[in-house]
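Engineer: predicted model and sequence follow; I will ask about them next.
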Amino acid sequence: MAAEGGSDYNLVAIKVSALCDIPLLIKASKGMVEAQRTFFRLAEACGEPGQEDAWGVPFAASSDTVLDAEAFKRGFPDGCVDLKAVDVRGRGHVDLVDWTSYWTPSRISEKLSQCKCSETFAVLSPAELERLSEAEERITTVGMYAREHGVRLLVDAEWTKSQPAMDYLALRVAAQCNVVTAQYPNATVLQTYQTYLRGSLGRCERDLALAEREGWVFGGKIVRGAYIVQERAEAAEAGRVSPIWDTLPLTEENFHATITACLSSHRQGNQVMVASHNPDSLLFTVRMMSDLKLDPKESGVLFGQLLGMAEAVSFSLAKHGYRVFKYMPYGPLDEVVPYLLRRTQENSTLLGSPAVSAERHMLAQEVFRRATGGFRLPFSS
């Protein structure tokens, strides 16, 4: 359907949890988080307990941290994993990008527990590894089908407890579907980065580096996030630091820093969507595109807003030649309206700025419009 939309740019959003059961994703994520924690233990660069992001990276971690042969011998004295197996670039040491690329779910289940610096974690059984492999095949099938039809896939982000495994699956598909050829000159798969999460900038930068090293182009959708209430409540119940930034200014700073990381390292074929209703953030992106001389139409930098929201900025961007998309959740009323209500709840809980107050009002209007079949609430400031 999307391919027949009459445009040379068509997008469809998908959820990994629709193609793989969530308990399995959560269990696989625990192993992936432990793998990254182990990296910093081996490097003797651990932070304070609980002071880490959703992927197991300490808040105070340095991007320059590497593991050398001595660190490997300290962690794997029996040689079950040596430096040469992980050091695919032949540098004599490995960074976090090299390390995470090596630790697939099967290797985590087979070898990670043998590391002297690894703590106990849930190991996937052969049957669970097979189910995860089947999920990867399903997502790859969708990705390849989209690629053949010229449709880009926006892979939604979800809860942090299952996000590491979702990231893994999305990047595995991107590595296959984002290889540039004469027939397919642009990225097909766009991974989502929720910038209200601590560590999301580092994750984005590592994925940018991974794409360049492995020879495929990067695809990313940059958003603020939509699970603030649930994430904070879950962290408080578990007695750990919330994965969400404490304040709106910190989230805004991280959002803009992630945009900067993507645009400043932009390569031909990269596809980056800035999904926001915030005029200041959109203006920030437009100015950066101008400074970097990124063509509004051909650079692969896209803008996205929910259907029925921020119409003024959407039309203004389109009028000036930028590629703008309206994100349209569709389905039964009892499934679509809760999606809009959740966004209203999240925004009202954390964000109290005038701009977001206006956004909450527009969300309320859209909920009312859909529930009543077209009428709008009278506007009031």
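Structural biologist: In hand now; what should we look at? Numbering: from 1, shown residues only.
Engineer: any idea how many residues pack against residue 71?
Structural biologist: 19 (other C-beta atoms under 10 Å). Just so you know, the C-beta spots here come from the backbone N, C-alpha and C atoms, and that holds for glycine as well.
Engineer: quick check: longest helix in the protein by residues?
Structural biologist: helix 126-148 (DSSP state H).
Engineer: what lies in contact with it?
Structural biologist: 12, 14, 16, 19-21, 24, 27-28, 105-106, 109, 124, 152-153, 165, 169-170, 172-174, 176-177, 184, 188-189 (C-beta atoms under 8 Å, 6 or more residues apart in numbering).
Engineer: residue boundaries of the helices in the stretch 251-381 of the chain?
Structural biologist: 279-291, 311-319, 333-350, 354-372 (DSSP state H, counting those that start in this stretch).
Engineer: all the strands of this structure, residue numbers only.
Structural biologist: 10-14, 151-155, 189-194, 219-223, 271-275, 301-306, 323-327 (DSSP state E).
Engineer: figure out which of the ones you listed is closest to residue 233.
Structural biologist: Using C-beta to C-beta as the criterion, the shortest distance between residue 233 and those is 16.7 Å, found for strand 189-194.
Engineer: buried residues, the closest one. List them.
Structural biologist: For strand 189-194, the neighbour count (16 or more other C-beta atoms under 10 Å) marks 189-194 as buried.
Engineer: now do that strand and strand 151-155, the angle between them.
Structural biologist: On the basis of axes from the mean of the first three to the mean of the last three C-alpha atoms, to 10 degrees, strand 189-194 is oriented at 30 degrees to strand 151-155.
Engineer: strand partners (parallel or antiparallel) of strand 189-194?
Structural biologist: strand 151-155 (parallel), strand 219-223 (parallel) (DSSP bridges).
Engineer: just the buried residues of stretch 8-19, please?
Structural biologist: Quick answer for stretch 8-19 (16+ other C-beta under 10 Å): 9-11, 13-14, 16, 19.
Engineer: would TSV of these with distance to residue 367 and pLDDT be doable?
Structural biologist: Output for the buried residues of stretch 8-19, formatted as TSV (distance: C-beta to C-beta, whole Å; pLDDT from 0 to 100):
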residue	distance to residue 367	pLDDT
9	29	87
10	27	91
11	24	93
13	20	93
14	24	93
16	27	94
19	29	93
